[in-house]
Structure formats: C-alpha cells, structure tokens
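>>> coords please:
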Amino acid sequence: MSDVARRAGVSAMTVSRALKEGSHVSKATRERIAQAINELGYVLDQSAGSLSSRRTGFVAAIIPSINNSNFSDTARGITDALEGTGLQLLLGYTNYSVDREEELIEAMLKRRPEGIILTGGSHTPRGRRMLEQAGIPVIETWDRPAQPIDKVVGFSNGEAMELLVETLAGKGYQRFGYIGGTTARDTRGSQRRAGFVRALERLGLPSDRLISFGVPPISMEQGAQAVVNMLERWPDTQVALCVSDLSAFGALMECQRRGLKVPDDIAIAGFGDYEIAACCHPRMTTVNVDCYGIGRQAALKLTQTIQAVSAETLEPITLTSFRVVEREST
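The predicted structure is shown next:
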C-alpha cells in the first residue's frame, strides 16, 4: 500500500480510504490511486479487515466428487447464485469419505468462512460437533436428514427411487433388479437401495435381486460387470435399476455387446439424468433431481442467512424437486 501511495503521491491512509466503498476521496485522487494500483499489480490484503469485521468474503462447499457432472452442476449453481454478492467459493471434495469430509470441515473452518454448504446429512460425530459450534450458517444438500444441523436444501433419495419403481411397475414390469455399490459410504446410494426395496415390498413384488458391485462411486465398467452378475443369477430379470446413470450406461453397453436388446430383453434405468442418459442409444430412463437448482437454492439460502435478510422467517428445510424422465430404455 505504501508503494501505491508513493506512486500516486498521496498518503497510505488516503489509499486505504480510497479502497473502501463510500469513502470521501476526490475523483481525481481516486483515479490516480487506481492507475498506480494497475501499474503495480497491487491486490488489497483483506485479512486485517476480516479480523475486525468478522467478514472473510468467502463461503465453503464440500462435494463428494469433482469429476461427477451432477456435483459439478451443483457447484455451478452455487457459483452463479453468489455472483454479485461479494462472496467467493472455496470448494473441497471428499471422494465419498466422511473421514475426509471431517478433515475438510476442520481445514475450512480454520479459515473462517461466512457459511458452509455440505453434500448429504451423514457426518462423523466430530465433524457434526465442529459445524454445530462454528456459529455460521450450515446448509446440508442432496438429502433430507432426520436431524439437520441447521438448514436443508434437498430431497429424499429413497422417495425418488420409490417413484421410479412405481412408474415402471405401472408399465407392467414385475421382476426388478438393483445395481449399487459394495459399501455404505455413499449414503445417498444406500438410501436409493432402501427405497427400491420399500417400493417393491409395498407393491407385493420380489425385492431380493440386489447386486452390490464396486466401491462407490460405481463406474461404467463396474455397471457392465454388475449386470452380467445379475443376469447370471436371475436370467429372467425384466428391468435393472442402477444407482446412477454412469453405472446404468455401462450396463446398457454390456447388454448390447452380448446381443441383448434394450428394452425388449431387459430394460435399464438410471438415476441423476446425466447428459449421457439423453445421448446414448436407446436413450435412458432416469430420475432428474435438478442438480443445478440444488446448488443455486442452497447458495441463496446461505447468503440470505449471512445477510440476516428475514433470517428468522427463512424455512429451515427447502425440498427440491425430482421427477422420472421416461425414455426408450424401459
């Protein structure tokens, strides 16, 4: 700042005032300072001001994966909603590990974000305690936790899968199979599996055709291997429901390699409405959960809480939409 002051021919205090909105500095002086800043490549260090104002200018978000287009869309929704608020996004990813999430929560809280957005409602006990004691808004997304930490923007993964089962049962399918991961670390995947079983039991249909293959997130290749296992064990399976569109796409391609017609020999449905689901052949039936909208609504709720804009009247839980998208694979 002193370098800028010398070049502009003013005091460091004048430079400091000029960089604050609403300060009384003449236009000519402000322009000289701006030119000096541009020439020197100066960037204001806001850390000292953050200590006194308790405003750090950023919020944190934690997602399971950065190479999953659904969560990328959620992050894009957050970023778009933050535009014009003066808040920037610090992003971390857990690779579907709650232990890694705990590490990220601690690391991010040390930097004093003004709020934090999480994916899912399952956390380690220590992670939950840190969030409860942080004194900042916390938004849990992509889930409908039974005991929210603060606020929620999400949906029931189980109910969404139930809707898919009921929709396909309404078309006459009776012998359903499910493809998911081998562990419960993807809690949303576990909820979808539970919803699958619940819906079939309610309909009076067999619910035991469950294939667990691969550590979440399940890849296309693992989806292909899983559908082979399913057809070896239950060759009369009419429709395979997959935990995500990626595993469903792998299953669909494997069926085509083996000369099986989809949906005539076996129907396949996914979850998430990835772009690939609308572009593959046949196009894939899936569940759309408005990934972008989840991020945007979460960021809007977060900023409203930070700015205390009717914070007391904000609904603690915002349920986002989901819908079955029927295509040619079923």
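
>>> you'd agree residue 238 is up against residue 174?
Yes - here residue 238 reaches residue 174: they are 6.5 Å apart, a contact under CB atoms under 8 Å. In short, each C-beta sits where N, CA and C put it, glycine included.

>>> higher neighbour count, those two?
residue 238 (17 against 13; other CB atoms under 10 Å).

>>> got the contact list for the more buried one?
173, 174, 175, 176, 266, 267 (CB atoms under 8 Å, 6 or more residues apart in numbering).

>>> How about residue 275, nearest residue that isn't a chain neighbour?
residue 69 (6.5 Å; CB to CB, 6 or more residues apart in numbering).

>>> Can you name the residues that contact that neighbour?
274, 275, 291.

>>> which of those residues are buried?
Neighbour counting over those (16 or more other CB atoms under 10 Å) leaves 274, 291 as the buried ones.

>>> Mind jotting down where the strands sit in the stretch 51-200 of the chain?
Along the stretch 51-200 of the chain, the segments classed as strands by DSSP state E, counting those that start in this stretch run 58-63, 88-93, 116-119, 138-141, 151-154, 176-180.

>>> Neighbouring strands of the fifth one in the sheet, and parallel or not?
Based on DSSP bridges, the strands next to strand 151-154 in the sheet, each with its direction, are strand 138-141 (parallel), strand 317-319 (parallel).

>>> Kindly compare burial across these and name the winner.
The highest average neighbour count among those, using mean count of other CB atoms under 10 Å, belongs to strand 138-141 at a mean of 26.

>>> Contacts for it, please.
So strand 138-141 is in contact with 74, 115-121, 131, 148-154, 294-295, 298, 301-302, going by CB under 8 Å, 6+ apart.

>>> so where's the chain shaky on pLDDT?
Counting by pLDDT under 70, the ranges of the chain that qualify are 21, 45-54, 309-313.

>>> Going along the chain, name the helices of the stretch 51-200 of the chain.
Ranges of helices in the stretch 51-200 of the chain, per DSSP state H, counting those that start in this stretch, are 69-82, 98-110, 125-133, 157-169, 187-203.

>>> So for residue 39, which of these sits nearest?
Proximity to residue 39 (CB to CB) singles out helix 69-82 among the helices of the stretch 51-200 of the chain, at 30.3 Å.

>>> Tell me the buried residues in the closest one?
69, 70, 71, 72, 73, 74, 75, 77, 78, 79, 81, 82.

>>> distance between stretch 72-89 and the chain's centre?
13 Å (CA atoms, centre = their mean, to the nearest Å).
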